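Participant: Only the shape, not the letters, is given here:
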């Protein structure tokens, strides 16, 4: 058994020589927030009967770990809105013997106070939590939800010992004034903060370059009040790493300075559509292939492996080449809430 696993553990590779080590699994497109950079005003939810079961998702995760995936991140929508997700985290622990090294989750934090202890006990390694403003009024304008439950969720996650990072999407006309307050708060809380440039994945397609708060601008603001040092050795991580007053801070600058050349990520949405890039113009529907894995794993696994290898190999060079195609063709990928961050 161990020799078979080793033979299968060569990771998928694309045409630019990038090996795929990370898999992001969206378990639902539903979310109780309406963040302006993500959710459309009137979302059309996936039908629940079209969602992959957790049993099918586990079979796919096992299949992918046997092919070199080392890290799995559970996303949404908001993953804690899907009943059974904590048990799914617990199930994934069995894949560590096959080579899985890390199980993570991205959440808006609203339900975290309720679930933090259970997630820790289930074996979750770390959390990314969205926090786009510390101003309660501004937060409500951005999300149509209250700030207090998120802060309570963060406090509970820290209390139970979950490793966490805070993600902030910055937009010029909404929350660019939060750079200093959020860094001050992160320093006090001893948590790692990551600023993210606004990307063209908003549900109502209102993205403009003018709304982007660039990495350069963020650094200029930070340098006016803090001691900022750059860290080398980013590897395949999406964020450029800095030390701000001695504490880690990241900036994900997809628009102005993307990490596409080192990308090692793949994505599956809740209804079985597979994407080789967050900005892919077209996904690969493998729902039936995934559901068939449980019945004839060897035969169906060979077929699925062939489909994925071909699709992953065709992964584009990066964000900018895909955006050029998008502008010329008029195509637009699904919005962020349907595939996770």
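Facilitator: Great, that's in hand. In this text the structure is predicted, and so the values were computed from the model without any measurement.
Participant: mind listing the helices for this structure?
Facilitator: 2-8, 54-65, 85-92, 112-122, 136-143, 148-160, 179-189, 215-223, 287-292, 297-313, 319-329 (DSSP state H).
Participant: List the buried residues in the fifth one.
Facilitator: Pointing back at helix 136-143 there. Buried residues in helix 136-143, counted by 16 or more other CB atoms under 10 Å: 138, 139, 142, 143. Using the backbone N, CA and C atoms, a C-beta is placed for each residue, glycine as well.
Participant: Which of the residues you listed lies at the shortest distance from residue 32?
Facilitator: Within the buried residues of helix 136-143, the smallest distance to residue 32 is 9.1 Å, found for residue 143 (CB to CB).
Participant: Quick check: the gap between the closest residue to the closest one other than its chain neighbours and residue 76.
Facilitator: Once flanking residues are discounted, residue 143 sits nearest to residue 33: 4.4 Å by CB to CB, 6 or more residues apart in numbering. Separation of residue 33 from residue 76 (CB to CB, to the nearest Å): 10 Å.
Participant: who's more crowded, these two?
Facilitator: Between residue 33 and residue 76, residue 76 has the larger neighbour count (other CB atoms under 10 Å), namely 30 against 20.
Participant: Tell me the pLDDT of that one.
Facilitator: Looking at residue 76, its pLDDT reads 92.
Participant: Please apply the same query to residue 80.
Facilitator: 98.
Participant: Please apply the same query to residue 337.
Facilitator: Per-residue confidence at residue 337 stands at 65 (pLDDT).
Participant: for residue 59, same thing?
Facilitator: Looking at residue 59, its pLDDT reads 96.
Participant: so what's it closest to, chain neighbours aside?
Facilitator: Sequence neighbours aside, residue 293 is the residue nearest to residue 59 in space, at 4.4 Å (criterion: CB to CB, 6+ apart).
Participant: Contact partners for that neighbour?
Facilitator: Contact analysis of residue 293 by CB atoms under 8 Å, 6 or more residues apart in numbering lists 56, 59, 60, 63, 300, 301, 304.
Participant: Please convert the buried members of those residues into ChimeraX selection syntax.
Facilitator: The buried residues among the contacts of residue 293 can be selected in ChimeraX (16+ other CB under 10 Å) with this line:
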select :56,59,60,63,300,301,304
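Participant: Could you identify the most distant pair in the contacts of residue 293?
Facilitator: Spatial extent of the contacts of residue 293 (CB to CB) is set by the pair 56 and 301 at 13.5 Å.
Participant: quick one: residue 176 from residue 113, how far?
Facilitator: Residue 176 sits 29 Å away from residue 113, going by CB to CB.
Participant: higher neighbour count, these two?
Facilitator: Legend: neighbour count by other CB under 10 Å for residue 176 and residue 113, higher for residue 113 (18 against 14).
Participant: Thought residue 160 was touching that one, still the case?
Facilitator: No: counting by CB atoms under 8 Å, residue 113 does not reach residue 160; the two are 10.4 Å apart.
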